[in-house]
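Asker: I would like to see how this sequence folds:
(chains A and B)
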2 protein chains.
Amino acid sequence: MAPSLMDAFNPIFYPRTLAVIGASADPTKFGNIILSAIQEIGYGGKIYPVNPEGGEINGLKVFKSMPEIPGPVDFAIITVPASALFKALEECRDKGVKGVEILTSGFKETGTPEGRQMEAEIARFGQGDMRILGPNCFGIYCPESGLTILPGQNFSRETGPVGFLSQSGGLCADLGQIAKGLGIRFSKMVSYGNGCDVAACDLLEYFFADEKTRVIAGYVEGIEDGPRFLRLFRDNRGKKPVILWKAGLTATGGRAVQSHTGSLGGSQSVWEGALQQAGVIQVYSAEELIDATYAFLYLPAATGPRVAVMGGGGAISVAASDSLERLGLSVPYFSPPVLQKLKVSFPPVGNSLRNPVDLGNPMIPPSMLRKVMEAAGEDEGIDTLIVIQILFYILYQVRHRMGMADRPLSRFSFQPELLKACQEIKARHGKPIILVMPDITTEGERIDLEIEWRRERDAYQAAGFPVFRSLDRAARALAHVVRFQAVVS
Amino acid sequence: MAPSLMDAFNPIFYPRTLAVIGASADPTKFGNIILSAIQEIGYGGKIYPVNPEGGEINGLKVFKSMPEIPGPVDFAIITVPASALFKALEECRDKGVKGVEILTSGFKETGTPEGRQMEAEIARFGQGDMRILGPNCFGIYCPESGLTILPGQNFSRETGPVGFLSQSGGLCADLGQIAKGLGIRFSKMVSYGNGCDVAACDLLEYFFADEKTRVIAGYVEGIEDGPRFLRLFRDNRGKKPVILWKAGLTATGGRAVQSHTGSLGGSQSVWEGALQQAGVIQVYSAEELIDATYAFLYLPAATGPRVAVMGGGGAISVAASDSLERLGLSVPYFSPPVLQKLKVSFPPVGNSLRNPVDLGNPMIPPSMLRKVMEAAGEDEGIDTLIVIQILFYILYQVRHRMGMADRPLSRFSFQPELLKACQEIKARHGKPIILVMPDITTEGERIDLEIEWRRERDAYQAAGFPVFRSLDRAARALAHVVRFQAVVS
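Answerer: From the prediction side, this is the model:
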């Protein structure tokens, strides 16, 4: 990357001072929500609210215009109505602002000639030393500097390896919340809306170069410069995984992206061909995007396709076989000596030891499961382990049967012992282990199971093991990691 | 259906007396778990535990053998080891028992010649007046009579319209729990395991004829009699939807079903062709099976494919368009007069009114959403409404912004007002309404959102509106209902 792009983005992601133009005292207005969010998340630089009415908002002195602000301003967040936008942009340019994000909407995405015309005029402000994000965006989240998007006041302040770009601000807002529970942490997250200046190629180029970013994920409705996009991927090939949800590939979807960010959806086959050629990991929903990102964070780069699946309950193993094979993964038999060892440990009926290993009973204790994990760890024909645990049976049914309904569910958990087994097997054999914990009850009165589910999920995650709610989701995410290796090697 | 099949099944689903052969006092043994489950769920008939050791179990007198039981026994649950099975079957036959379920495993599914031989001998007992379920099954759940499966002690006692058949007992056990929260109720649920006597065709024929069953769902690993299967569907065509998960269609999956129930998986293309020809609604995972069953219960038979999608947040509407169109549904523009009316109610920027209707803000109040619902209700080009509500923003973010973190989340709910709007629009325009409530946080500390989610879900469901966790799942389930109509009309 030319040093100029890094130079251009640094004051945007790490501004020492920022202005909120259109700051408001009304808590229902964007101009208040974004100001409050940045204060609450704990941005460390200086904040200048700007509003012609002056006064004070959220304990900060309000400046009536940009020129009134003493000293330089690195970054500006603009939330004024469309009619006041150009004056704000001129003031920013004159003040020497390095970057602005425009939350205001009503431009290219309206589909009107006036909207397109105004957007072209906005874009012209981005051609000098000042870069523009938006319009029609939610802005930037950078945990390191304490910038955040609308309404990300409670996003994590921990920095992490994911660089995220999105034309949908709502998806950024959702993902920032989802990420907290999943232990997904970001280097930067950028909502760039209509992308009149900064758009996918600039952000990809930045993330490819950014040392803090290891995994890139995003939601795009259009790509502004196809040849540059493909060139970027050629240069990156295999260095960092890029997971992209390209929306608007159907006829109706293409229509919807036009009225969302004014992008052109494009033909499904052309796009899919180009993205595949570029080595992009293509996903088709928010859930798949999140699951794939999660898998790339928790699984090692060299995760292999030959999977051992173990747990109790036969349909689980049949389903495992079908869904893994459909995704290009395999569930091979154990080698004869390993199978022989297993047969010594288990009774001859009520289970199937060949892989998938169906132990017949979801309450199978960790000590028994450990023997299967050990076998899968030893077997040279196995790369990856998937362990299925249905907490409802382990916790609720066992407690019920023991007549101890007054005890907390966590008292019956296999988690400390099973986690220890996972850690030991992983350390000894160096194979990744994935947990699948389906939740089979959503009754209001069984909320205690969900509480315990989250507690156990957090414990496995903290130790580096990913946890999925279903085998299908685990398999789909794993397949993305495996395929990326196949592409780059 | 020949009256003989109804006659044969009635004493099995509604036994006046039943024996548990292999009853045990040990709470970890099947012979105790199944006995306890039937007592706890409140079976109304007479229960005779049978065990050569005699004595008393769970407060019931134990009989040392079947001949000792005074009077007739309609049904027997057999949990003895394989070695004692034939004696038990002989005693049942001699006692005039009408049906038995065999929980014991270790037969055809072992893949050994001995296993297959024993299974053939078991099957011979089913050729007279006594029908056999299993072996290697979890039994029957019939809420009306109070029979239940292993370990379904807490299944609902409410009867409902779903007839469920499954070669996987674990799936039955899971589904009985999942169903409780979703308001899915069963006429009967039958786990038939290896299916040596009673199997898919008998159960389908029964459910087609059973007046209490309106929707049939099931998990099958093999079909014992292809021509009969197809004939049954020809006779049923269009009368009752049948949702089937046929597992074992991949090579590895086919191997897994053999060691699960000894069935033959079969070729994917042959199966899919045959099932499609039969008008079966084919699904490929437990989640899809449940979602489709749920949709057939909550949506009217004549649900149409032209969908209006409404909510706040742009990526939602793009995603909606893509995922609905991929499934063969459409998201047509509103008619010009309806669009004109909408434009009067909404500001010209920050939203897209053309369908999907993106109101730009997930906190859009019910009074505004009602206007869009009214428009979609009026428009003759729209059949079905999907309303997206992200509770995190409506509840948590609004409460946060109002500085009222000490108040319960339910205080901020749109639910009573929005539910009222749903009811009025549905009554006035006769169009089905589906709610989608994505949950975007799984942090341990945000469990209050999940509690409120379940409370609201229950309220919508109680009023007859289905609620899905994601748009993709809603669309997939809706598409099954729409396609069934297309097949039968």
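
Asker: what does the stretch 51-200 of chain A put close to chain B?
Answerer: Within the stretch 51-200 of chain A, the positions adjacent to chain B are A:82, A:105-106, A:109-110, A:151, A:153-154, A:166-171, A:173-174, A:177-178, A:180-182 by Cβ under 8 Å from any Cβ of the partner chain. The C-beta positions use only the backbone N, C-alpha and C, and glycine is treated the same way.

Asker: Among the residues you listed, the buried ones, what's the PyMOL command?
Answerer: The following PyMOL command selects only the buried members of those, with burial defined by 16 or more other Cβ atoms under 10 Å in any protein chain shown:
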select buried, chain A and resi 82+105+106+109+110+151+153+154+166+167+168+169+170+171+173+174+177+178+180+181+182
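
Asker: Looking at the residue nearest to A:K188 when sequence neighbours are not counted now. What's its pLDDT?
Answerer: Excluding the flanking residues, the one nearest A:K188 by Cβ to Cβ, 6 or more residues apart in numbering or on different chains is A:C142, at 4.9 Å. On the pLDDT scale, A:C142 is placed at 98.

Asker: Also A:L150?
Answerer: Per the predicted model, pLDDT is 89 at A:L150.

Asker: Burial check on the residue nearest to it when sequence neighbours are not counted, number of neighbours?
Answerer: Spatially, and ignoring its direct neighbours in sequence, A:L150 is nearest to A:F138 (4.4 Å; Cβ to Cβ, 6+ apart). Counted with other Cβ atoms under 10 Å in any protein chain shown, residues neighbouring A:F138 total 29.

Asker: now A:F138: how far from chain B?
Answerer: For A:F138, the distance to chain B (Cβ to the nearest Cβ, to the nearest Å) stands at 10 Å.

Asker: do the same with A:I394
Answerer: 12 Å.

Asker: quick one: secondary structure of that residue?
Answerer: What DSSP: H, G, I helix; E, B strand; the rest coil gives for A:I394 is helix.

Asker: my guess is it contacts A:P362, does it?
Answerer: Yes: with contacts counted by Cβ atoms under 8 Å, A:I394 reaches A:P362, the gap being 6.7 Å.

Asker: Pull up the gap between A:S24 and B:G42, please.
Answerer: Between A:S24 and B:G42 the computed distance is 61 Å (Cβ to Cβ, to the nearest Å).

Asker: Those two: who's more crowded?
Answerer: A:S24 (21 against 10).

Asker: nearest residue to that one other than its sequence neighbours?
Answerer: Leaving aside its sequence neighbours, A:S24 sits nearest to A:G31 (Cβ to Cβ, 6+ apart; 3.6 Å).

Asker: Would you state the strands of the stretch 51-200 of chain A in chain order?
Answerer: Counting by DSSP state E, counting those that start in this stretch, one finds strands in the stretch 51-200 of chain A at the ranges A:56-57, A:60-61, A:75-78, A:99-102, A:131-133, A:139-141, A:159-166, A:186-191.

Asker: what residues are up against A:E40?
Answerer: By Cβ atoms under 8 Å, 6 or more residues apart in numbering or on different chains, A:E40 lies in contact with A:Q153, A:N154.

Asker: Need the CA coordinates for the helix or strand harbouring it. CSV is fine.
Answerer: Using DSSP states H and E, A:E40 falls within helix A:30-41. Extracted in CSV, the C-alpha atoms of helix A:30-41 (Å, rounded to 0.1, in the frame of the first residue of the first chain):
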residue,chain,number,x,y,z
PHE,A,30,-28.6,11.1,15.9
GLY,A,31,-26.6,14.2,17.0
ASN,A,32,-27.1,13.3,20.6
ILE,A,33,-26.9,9.6,20.3
ILE,A,34,-23.5,9.6,18.6
LEU,A,35,-22.1,12.2,20.9
SER,A,36,-23.3,10.3,24.0
ALA,A,37,-22.0,7.0,22.6
ILE,A,38,-18.5,8.4,22.1
GLN,A,39,-18.5,9.9,25.5
GLU,A,40,-19.8,6.7,27.2
ILE,A,41,-17.4,4.3,25.4
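
Asker: average pLDDT for that helix?
Answerer: So the average pLDDT for helix A:30-41 ends up being 97.

Asker: ok, back up a step: please render the strands of the stretch 51-200 of chain A as CSV that adds distance to B:A286 to the earlier fields.
Answerer: Formatted as CSV, the strands of the stretch 51-200 of chain A follow (distance: least, Cβ to Cβ, whole Å):
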stretch, distance to B:A286
strand A:56-57, 52
strand A:60-61, 53
strand A:75-78, 46
strand A:99-102, 44
strand A:131-133, 43
strand A:139-141, 36
strand A:159-166, 30
strand A:186-191, 33
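
Asker: Tell me which of those strands sits nearest to B:V242.
Answerer: strand A:159-166 (41.6 Å; Cβ to Cβ).

Asker: So what touches that closest one?
Answerer: So strand A:159-166 is contacted by A:143-144, A:172, A:175, A:179, A:184-192, A:200, A:203-204, A:206-207, A:210, A:212-220, A:293, A:297, B:315 (Cβ under 8 Å, 6+ apart).
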